[in-house]
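Asks: Next input, structure requested:
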Amino acid sequence: MALTPDEARFADRHRIAHLATADAEGAPHVVPVCYARAAGCFYFVVDDKPKRTRTGLKRLRNLAANPRVALVIDDYDEDWTRLAYLLVHGAAAVVDDRAEYVAALAALCARYPQYGAMALGFATHPMVRITPLRTHFWRAATA
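Replies: Residues are numbered from 1 along each chain as shown. Okay, the predicted model is just below:
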């Protein structure tokens, strides 16, 4: 499913989303992720920021057991008439196609110059694709 133009603009103007995964038993796990949109999907890469391990991350183990995810992108303001969020329910998968990986990495590097200083690679840094299945976009009523 494609995002509406308003949803796409909202997603593109934000820098961080929160990714919710669940393990095979349904135990939730939520982490912030840097993301980019390409070809109608959201992507994030397991980068070089400090982690115990790249391939053994809880989010990747959860995705292997249960590919259903939620991604939340939100605005918070003390003025509650400015609150807004985009909730994306999707199906996640580790990218196993090199060309798709390269295209998604280019989109991520365009949004986050920090990635340009990292030696991110197909064989060493897993990339995840989230295909949106349904969305919910909410904005507070403005006065």
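
Asks: Buried residues of the one helix or strand in the chain whose mean pLDDT sits lowest, list them for me.
Replies: For the chain, counting by mean pLDDT, DSSP states H and E, helix 58-65 ranks last in confidence among helices and strands (a mean of 93). Neighbour counts over helix 58-65 (16 or more other C-beta atoms under 10 Å) mark Arg59, Leu60, Asn62, Leu63 as buried. Backbone N, C-alpha and C define where each C-beta goes, glycine included.

Asks: same check, this time on stretch 34-41
Replies: Cys34, Tyr35, Ala36, Arg37, Ala38, Cys41.

Asks: Ok, stretch 22-33 next?
Replies: Buried, per 16+ other C-beta under 10 Å, within stretch 22-33: Ala22, Val33.

Asks: Run through the helices of the protein in chain order.
Replies: If you assign secondary structure with DSSP state H, the helices in the chain sit at 5-12, 58-65, 98-111.

Asks: Where does the prediction get shaky in the protein?
Replies: By pLDDT under 70, the low-scoring segments of the chain are 49-55, 142-143.

Asks: how much space between the closest residue to Gly116 other than its chain neighbours and Lys58?
Replies: Spatial nearest neighbour of Gly116, excluding adjacent residues (C-beta to C-beta, 6 or more residues apart in numbering): Cys109 at 5.5 Å. As judged by C-beta to C-beta, to the nearest Å, Cys109 and Lys58 stand 25 Å apart.
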